[in-house]
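Trainee: build me a structure from this.
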Amino acid sequence: MRFFQESGYMKGYRLKRSHLLAAVCLTVTLVIGVLVAVAGANETECIIVSNLQNLAWKTIGLQVFRIVTYLGDFYVWVIFTSIYSVCAYIKSRKHFDTAIELAVFLIITTALTYFTKMVFARPRPGCPGISVYDDDVISSFSYPSGHVSRAVGAFAILARGSRTKKSLAIMAISLVSSSRIILGAHYLTDVAGGIFLSLAAQRLTSLSLPLLKSKIEKKMVRRAR
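Mentor: Okay, the predicted model is just below:
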């Protein structure tokens, strides 16, 4: 009896912790957006964008970053998640659960990113002396970075249970984050906002999965009857 009470207590604690973390990360995302809008630090951030782009141009070139930035692309993740889900459904229940979590995360983070972009409507970097190497930036807003928000959470989900995978995920997230600045698509604060938004989306995903599984199980029971 004590075991079940402790289990229930731990479950409630984890739920409260997830709610708190989601609220904190969302708050930080909004605070950064407000500070950017009020302070108007675009000129200072343009210096960062320009310096990073010049450094990349003089060292390894920009083509590498034009490739790695696709690791955060919406359509790339939609295609990957679809293929991963089909393969996981055939081979492994464990991997299928991961695929479902990844799909739910992408839905949540895309919705949150779109809403936040509409709220702050921050223009893309228009820094003098830099070149923009992303065709998609013309028709969308800057804050927060959608590429970063997708990459952070998606790689974190896929990297669970393996130190090697976690190390590779950190490398991939770092490359995507830096590529968005180097390619002139985002400011540094856009990347920071994308990271915190992604962390919030992860927490919301973990909270929504039990409810989703419960509904699916109920439907299966009804059909069995």
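Trainee: ok, the most centrally placed residue in the chain - contacts?
Mentor: For the chain, the residue sitting closest to the mean C-alpha position, by CA atoms, centre = their mean, is S149 at 2.3 Å. For S149, the contact set (CB atoms under 8 Å, 6 or more residues apart in numbering) comprises 109, 112-113, 194-195, 197-198, 201. Where C-beta positions appear, they are placed from N, C-alpha and C, glycine not excepted.
Trainee: closest one of the residues you listed to T27?
Mentor: Sorting the contacts of S149 by distance to T27 puts L197 at the head of the list, at 11.1 Å, by CB to CB.
Trainee: now stretch 173-186: buried residues?
Mentor: Across stretch 173-186, burial judged by 16 or more other CB atoms under 10 Å covers 173, 175-186.
Trainee: helices of the protein, start to end?
Mentor: 2-39, 42-58, 63-68, 74-91, 93-120, 146-158, 163-182, 188-224 (DSSP state H).
Trainee: so which of those comes closest to G129?
Mentor: Nearest of the helices of the chain to G129, taken as CB to CB: helix 42-58 at 5.8 Å.
Trainee: in a markdown table: the buried residues of stretch 173-186, plus pLDDT.
Mentor: Shown next, in a markdown table, are the buried residues of stretch 173-186 (pLDDT from 0 to 100):
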| residue | pLDDT |
| --- | --- |
| I173 | 97 |
| L175 | 95 |
| V176 | 96 |
| S177 | 96 |
| S178 | 95 |
| S179 | 94 |
| R180 | 94 |
| I181 | 94 |
| I182 | 93 |
| L183 | 92 |
| G184 | 90 |
| A185 | 91 |
| H186 | 93 |
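Trainee: which two from the residues you listed end up farthest apart in space?
Mentor: I173 and G184 (19.7 Å).
Trainee: could you measure from A56 over to V49?
Mentor: 11 Å (CB to CB, to the nearest Å).
Trainee: surely V119 and V36 touch.
Mentor: No - V119 is beyond contact range of V36, at 11.8 Å (criterion: CB atoms under 8 Å).
Trainee: if you count what's nearby, which of these two comes out ahead?
Mentor: V36 (22 against 14; other CB atoms under 10 Å).
Trainee: surely the more buried one meets F120?
Mentor: Yes - V36 is within contact range of F120, at 7.3 Å (criterion: CB under 8 Å).
Trainee: need the overlap of contacts for those two.
Mentor: With CB under 8 Å, 6+ apart, V36 and F120 have common neighbours Y143.
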